[in-house]
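mind looking at a prediction? Sequence and model below.
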Amino acid sequence: MTVSDKFGRPITDLRISITDRCNYKCVYCRTGNEGASYGDLPFADYLRMARVLVSLGITKIRITGGEPLLRSGVVDFIRQLAKLRPAPAAIGNPGAEAIPVHGSESLDIALTTNGHLLAGMAQSLKEAGLNRVTVSMDAVDPERFARITRVANGYENVLAGIAASRRAGLGPVKVNCVLMRGFNEDQVVAFGKFAREQDVVVRFIEFMPLEEGRTWSPDTVVPLEEILRRMAQYRRLVEIPHAPSETARRYRFDDGVGEIGIIAPVSHPFCGHCSRIRITSDGKIRTCLFSVWDHDLYGQMRRGASDEDLAEFVRGVVEKKEERHHIGEPDFVPASRTMVHIGG
């Protein structure tokens, strides 16, 4: 039942943004001004979309934002997602409460958060069925952290959220750091030490042209090779195997303690094995983070589409998934909406 695109790539990973609102204003994402929100959908609508997509072969769902923990009801939403099973499904009729999805395996449900509200929610999220958590954290220095996020009291909250997630068993906890030249490229070694001391997987992400202010240029990117050179000043890294569809190249330190990942869509694109699509916070399908158009799944629902109609719509959208992005090339066209306006 897995749906594939015209390049033969099976689509098994779904990102669902449940809000475009955020309590941080990171310099690589937002201008710092309050922009218009497209509005959040009811959880029942996101759940219906998820059910249809699981029936088409989705096995992994990542909940994102904005900041998803701002949404009241997110714990119960995850509890409902955890009831779905990634297996062939009998597509139901319009207005049905659920598409019956049966199978013995569970969905892999993850969540990406800035961690600000995580400490008080980690245990409840785990009990609801969340498997893993990824925390965005772009400096291991309080002052630098405040400069990047433009939030004065965030650093200690994020550390508390990471610790609470580890205690709750939401591991391995991943910590994502977007590297941006002039802001935090000198934090590489500090993050290497953090990974070893805190028993988390630190993943460095190359800065991508998705920011609201459209200030990206190749000079702002800290590429994979530079990250490896900087880390080698501390300890040698040894590359470890990873699945072809994984976004990160994975490394362990030479003594086996601590893992680092590098997500390098600019210097080392991984489009050829892409298994992902996303639903934006306003219910549109985006087949690539850098798509110049969106596909209005929620609009189909609003017009009374049955679940079979929705499944057929998804198949048609996936068929048109882009072969690759064109970052840094002369013909590159920025995404139609930035991260601020679609959720993460």
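All right, it came through fine. Numbers count the residues shown, from 1 in each chain.

from here on, just use CA atoms for contacts and neighbour counts.
Noted.

low-scoring pLDDT stretches of the stretch 51-200 of the chain, where are they?
87-104 (pLDDT under 70).

my error: substitute the stretch 201-344 of the chain in the last question.
Residues of the stretch 201-344 of the chain meeting the criterion pLDDT under 70: 209-216, 269-270, 272, 324-344.

hey, where'd the helices end up in it?
For the stretch 201-344 of the chain, the helices defined by DSSP state H, counting those that start in this stretch occupy 224-232, 297-302, 307-319, 339-342.

ranking these by mean neighbour count, which comes first?
For these, the largest average neighbour count (mean count of other CA atoms under 10 Å) is found in helix 339-342, namely a mean of 24.

specify the local secondary structure of Leu130.
Three-state call for Leu130 (DSSP: H, G, I helix; E, B strand; the rest coil): coil.

list the contacts for the nearest residue to it once chain neighbours are set aside?
Ranked by CA to CA, 6 or more residues apart in numbering and with sequence neighbours excluded, the top spatial neighbour of Leu130 is Ile109, at 5.4 Å. Neighbour list for Ile109: Lys60, Ile61, Arg62, Ile63, Ile78, Leu81, Ala82, Gly129, Leu130, Asn131, Arg132 [criterion: CA atoms under 8 Å, 6 or more residues apart in numbering].

do the same with Ala190
Shown in contact with Ala190 (CA under 8 Å, 6+ apart): Val140.

ok, back up a step: can you say which of the contacts of Ile109 are buried?
Neighbour counting with 16 or more other CA atoms under 10 Å marks Lys60, Ile61, Arg62, Ile63, Ile78, Leu81, Ala82, Gly129, Leu130, Asn131, Arg132 as buried within the contacts of Ile109.

so can I have TSV of the residues you listed showing distance to Ala248?
Rendered in TSV, the data for the buried ones among the contacts of Ile109 read as follows (distance: CA to CA, whole Å):
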residue	distance to Ala248
Lys60	16
Ile61	17
Arg62	16
Ile63	18
Ile78	25
Leu81	25
Ala82	25
Gly129	24
Leu130	21
Asn131	19
Arg132	16
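
just flag the most distant two among those.
The distance between the two most remote of the buried ones among the contacts of Ile109 (CA to CA) is 13.9 Å, for Leu81 and Arg132.

tell me where the stretch 101-250 of the chain has strands.
With DSSP state E, counting those that start in this stretch, the ranges of strands along the stretch 101-250 of the chain come out as 108-113, 132-136, 174-179, 201-206, 237-240, 248-253.
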